[in-house]
Every structure is written in structure tokens, then in C-alpha cells.
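**Q** when you get a sec, could you give me coordinates for this:
(one chain, ligands or ions: 2)
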Amino acid sequence: MSAAQPSPRTVESRGPLTGVVTVPGDKSISHRALMLSALAVGESRVTGLLEGEDVLATAAAMRAMGATIERSADGVWTVHGVGVGGLLQPAQALDMGNSGTSTRLLMGLVASHPITATFTGDASLSRRPMARVIEPLSRMGADVTASPGGTLPLMLRGLCPAVPIEYHLPVASAQVKSAVLLAGLNAPGITRVIEPVPTRDHSERMLAGFGAALSVEETPDGRVISIAGEAELRPQDIVVPGDPSSGAFWIVAASIVPGSDLLIRNVGLNPTRTGLIAAMRLMGADIVEQDARVVGGEPVADLRVRHAPLSAIEVPPELAPSMIDEYPALFVAAAFASGKTVARGAHELRVKESDRIAAMAAALGANGVSTQEFEDGLAIQGTGGEPIPGSGHVATRLDHRIAMSMAVAGLHARRPVLLDDAGPVATSYPAFFPTLDGLLGREPQ
Ligand SMILES: O=C(O)C1=C[C@@H](OP(=O)(O)O)[C@@H](O)[C@H](O)C1
Ligand SMILES: C=C(OP(=O)(O)O)C(=O)O
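**A** Ligands and ions are numbered 1, 2, ... in the order given. Sure thing, here's the model as predicted:
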């Protein structure tokens, strides 16, 4: 789904970042808003949906399985759902593009419907592990034929009625948790997921908001989430808050570029997503929350971020689940701190859109930053606030977060940073470069 032709991009240092930026809708919440609306009986309306390629892949898949999904001229999306149990057999393979969330959550939905679906994706997604969802969904009765190594393309035949299970998450993953809960929506009885460490809880919040009987209990074993199956979902009006994972790039940019003072509007602050802000504050970042409010059942605020000298830290590994997508941005912040930052306990970074440990080690290294790679993390030697040398080529590896993180690094570099392909940013933040151009006062490239 990303542009077939690579779109190279150069980012250079152009002075302080000042003014206001507004972040786009949250990607995780946008996926879930479309999926649950498509399973409710009646019309739901979604405002602030992220119109990025990943979410559009989810929309296309839900349409292919019977939902009516339309965007009106004012940017509001209306969804007419088919009801839990009502998904139709898609006529063609579901193209998931670059999106792990679409793939794993939709596999959960299909698993408890009497339909068969084939899932395909781009080169990046086709390398990512699906066994983590195949295993619990097979226990619920789904029949999956995957490519060697448990990857896409794969074919999943659902079972209806499916078998409700109790599942202890072996890996901290909101996608695996959500896949099982979504399969449980149409399984008779109670499906239970136990997560030893909390991961983003948007599925739980939204399922409850749509009227599913869902309970969450804190126990010594972790959070126990129970959902009663054969649920009937009531249509909703949903307002999607801004994506903290997109806001992260501006938080880091304003922190590292001397003289910067940015107001970042509409940042979701669900506590399962705020690890980057916590880590940046430990490094000495100046981040002030303003106008705290609740949007769509989620805490939101505007963030004023001013440049501040950063100091190296040992990144607390317990922050990992709440900042899992923000490590590439954090590694860039670390490149400008005084001292050596060490981030361990983040092995999951190896199985994202790229191997984000290797990709960032290579990208920073090419631009004169010294790093040390561990199996589960990275150590980064910071400049103490000086610009990095720059002039290196960055392989973005079909990974939006590598592209945006290294673009931010280029904002405080002696010579430009060169991205081989900025196209992947369209998956989660299509307006990223136009926004950056606007902040730098230059014509969109
Ligand atoms: O559930 C979600 O919306 C997501 C969960 C995380 O993945 P994992 O579940 O693989 O950690 C995250 O990396 C991804 O960007 C979105
Ligand atoms: C890991 C990510 O997304 P996904 O798993 O949905 O591809 C991400 O957006 O950083």
C-alpha cells in the first residue's frame, strides 16, 4: 500500500521549532473504532479518525466483510455495522499493507465467525511473527494455514461457535490480548485474558463503551480481563483523541533543538501510553501539560515542550509496554543527551515494522552517533547537546517510525540527514512532513 517508488527526503537543521502543532488521531483507537462500529447493529459515527494507510487497510477489510463505511465531506466517518456474528466471507484476500494491528485484531474477529479469510501484507508485514495469535486462536477453534515461520500470507478459517478460553499472555502485547478478546466477542461463554504487565487498554475501554460485558480485575498474576461472548454491541459516537506516538516526535524535536518552544495539541495521555513522556522527564525534558480533558473516554492534554539540556539515563525496562513504539524517538533524544543512555528489556523492538534496534543502530551510526547493540536494546552515546555530524544515509526499512525519528535527528545535525524513503510515514502520520515544513517555514517538498 505504500508508494511503490521510494521517496527520498533530506532533513537539515533550520533553527528552533516554535508554534503550534496538532497531532492526528490515535492509530490504535482508530482501528478499534472501525472494527467495533462494524460489529454494532446500526450507525456509528467516528470523528478524528486517523486517515493513514494502516487504518484505511482496516476500513477496507471491514467493508470486504459486509460493513458500510463512508467518509463525509466534514471528515466524519459513518459506519453501519453487521452485528456480532454477522461478518461475511470476503471475496478476496484482505490486504493488510504494513499494519500489524489490522492483521492480528482482524484475525481475532474472523476466528469466531463461520468464514475464511486470507491475509496478505507488504514485505515488512510478511516477515512479522503471527504465531503469537495463531496459537490462542487455534485453541479457540480457528484453523490457520500460514507461510513458513508462521508469517503472512496466511489463511484463517473461523469456527462458530468458537471455544472460549483462558489465556495467559506469554508476551506483553496489546495486539495478542485484543485478538483473543475480539474472538471472544462471538464465542459462547466467558473468554479470559491474563496479562502479567499492563499493555495499552484501548480495546477494553472501547468494548465496554459499546456495551460488551467486560470486567477487569487486578490480581497477583496480573490483570484479568473477562469478556462475555455472543455480545450485542450498541452503535456509538466516537471522538478519537490525538496519537501520543505521533506527538512523541515533536516532544523529542522541541527538546533537542536549542531555542524551541512548541505547543503540541490534542495528545492522548492514556497511562498505558505515556512511557516516552516519563522517560523524557527523567532525562530532564521540559514538558508541561495544559488544558487536561477527557476525549472519547481517554485523558488528553496539550503539551508545551521547551528545549532543555538532556542527561543520559538507564531507561527503566518497566516503561517498555507504555512506550514500545517510541523507542526510536527516544534513541534520538539520547543522541543529544550528556552521557550514555542504556535501554534494555525491549526485545519486542526486533519484530516491529523493522528490527528497530538494528535499524536505529545503523541509522544513528551512519550519522556519526556511537551506539552499542544488545539483543534486547541499545546504548547511545550522546553529544551533550551539540549537533550530531549528520550526512549519513538512513535506510528506513518500510518503517514509518525510523523515518520520522531520523527526520527529527536531522533537525540538529551539522550536515543533512538523508532518508532513502520517507513514504512509510503515510501509514501513521501522512501530515508529518507538511507539518515539519510548516514549522520550518519552508515550502512543502
Ligand atoms: O494494539 C495496538 O494497537 C498496538 C500494540 C503494539 O503492538 P504489540 O501488541 O505487538 O506490542 C504497538 O506496537 C502497535 O503499534 C499498536
Ligand atoms: C508497531 C506498529 O504498528 P503495527 O504493529 O500496527 O504495524 C507501530 O505503529 O509502531
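**Q** tell me the domain boundaries of the protein?
**A** 9-25+242-440, 27-228 (automatic domain parsing).
**Q** how about the residue of the stretch 201-350 of the chain found nearest ligand 2, nearest residue that isn't a chain neighbour?
**A** Residue nearest to ligand 2 within the stretch 201-350 of the chain: residue 325 (3.8 Å; CB to the nearest ligand atom). In short, each C-beta sits where N, CA and C put it, glycine included. Counting by CB to CB, 6 or more residues apart in numbering, residue 245 is the residue found nearest to residue 325 once chain neighbours are left out, at 4.7 Å.
**Q** okay, whatever helix or strand the one you found lives in in PDB with CA atoms only?
**A** Element membership of residue 245, judged by DSSP states H and E, is helix 244-256. What follows is helix 244-256 as a C-alpha-only set of coordinates in PDB (Å, rounded to 0.1, in the frame of the first residue of the first chain):
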ATOM      1  CA  PRO A 244       0.800  10.200  21.700                       C
ATOM      2  CA  SER A 245       3.000   8.100  19.400                       C
ATOM      3  CA  SER A 246       2.800  10.800  16.800                       C
ATOM      4  CA  GLY A 247       3.200  13.500  19.400                       C
ATOM      5  CA  ALA A 248       6.400  11.800  20.500                       C
ATOM      6  CA  PHE A 249       8.300  13.100  17.500                       C
ATOM      7  CA  TRP A 250       7.500  16.700  18.300                       C
ATOM      8  CA  ILE A 251       8.300  16.200  22.000                       C
ATOM      9  CA  VAL A 252      11.800  15.000  21.100                       C
ATOM     10  CA  ALA A 253      12.300  17.600  18.400                       C
ATOM     11  CA  ALA A 254      11.400  20.500  20.700                       C
ATOM     12  CA  SER A 255      13.600  19.100  23.400                       C
ATOM     13  CA  ILE A 256      16.700  18.700  21.300                       C
END
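**Q** remind me what that helix packs against, helices and strands.
**A** strand 261-268, helix 275-282, strand 286-295, strand 298-306, helix 327-334, helix 400-409 (3 or more CB pairs under 8 Å, 6 or more residues apart in numbering; DSSP states H and E).
**Q** need these in JSON lines (columns: distance to ligand 1, mean pLDDT and mean neighbour count).
**A** Below are the helices and strands packed on helix 244-256 laid out as JSON lines (distance: least, CB to the nearest ligand atom, whole Å; pLDDT from 0 to 100; neighbours: other CB atoms under 10 Å):
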{"stretch": "strand 261-268", "distance to ligand 1": "12", "mean pLDDT": "98", "mean neighbour count": "22"}
{"stretch": "helix 275-282", "distance to ligand 1": "12", "mean pLDDT": "98", "mean neighbour count": "21"}
{"stretch": "strand 286-295", "distance to ligand 1": "18", "mean pLDDT": "97", "mean neighbour count": "13"}
{"stretch": "strand 298-306", "distance to ligand 1": "13", "mean pLDDT": "97", "mean neighbour count": "20"}
{"stretch": "helix 327-334", "distance to ligand 1": "10", "mean pLDDT": "99", "mean neighbour count": "29"}
{"stretch": "helix 400-409", "distance to ligand 1": "9", "mean pLDDT": "99", "mean neighbour count": "29"}
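**Q** distance to residue 392 added to these, as TSV?
**A** Shown next, in TSV, are the helices and strands packed on helix 244-256 (distance: least, CB to CB, whole Å):
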stretch	distance to residue 392
strand 261-268	26
helix 275-282	24
strand 286-295	29
strand 298-306	26
helix 327-334	13
helix 400-409	9
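**Q** residues near residue 318, how many?
**A** Each residue near residue 318 was counted by other CB atoms under 10 Å, and the total is 10.
**Q** who are the contact partners of it?
**A** Residues counted as contacts of residue 318 (CB atoms under 8 Å, 6 or more residues apart in numbering) are 197, 345.
**Q** cool, residue 354 as well?
**A** Shown in contact with residue 354 (CB under 8 Å, 6+ apart): 124, 397-399, 402.
**Q** roughly how far apart are the residue of the stretch 201-350 of the chain closest to ligand 2 and ligand 1?
**A** According to CB to the nearest ligand atom, to the nearest Å, residue 325 and ligand 1 sit 5 Å apart.
**Q** now that residue: phi and psi?
**A** Residue 325 adopts backbone torsions of phi -90, psi -10, taken as degrees, to the nearest 10.
**Q** kindly report the same for residue 442.
**A** Taking degrees, to the nearest 10 as the convention, residue 442 sits at phi -120, psi 160.
**Q** go ahead and confirm it touches residue 15.
**A** No - applying CB atoms under 8 Å, one finds residue 442 not in contact with residue 15, separated by 11.2 Å.
**Q** quick one: secondary structure of residue 78?
**A** strand (DSSP: H, G, I helix; E, B strand; the rest coil).
**Q** helices along the protein, start to end?
**A** 27-39, 53-64, 100-111, 131-139, 174-184, 202-209, 244-256, 275-282, 327-334, 356-366, 400-409, 432-440 (DSSP state H).
**Q** now the angle between helix 131-139 and the third one, please.
**A** Spelled out, it's helix 100-111. Helix 100-111 and helix 131-139 are oriented at 10 degrees to each other (axes from the mean of the first three to the mean of the last three CA atoms, to 10 degrees).
**Q** could you do the second one as well?
**A** Compare the direction of helix 53-64 with that of helix 131-139 by the same axes, to 10 degrees and you get 20 degrees.
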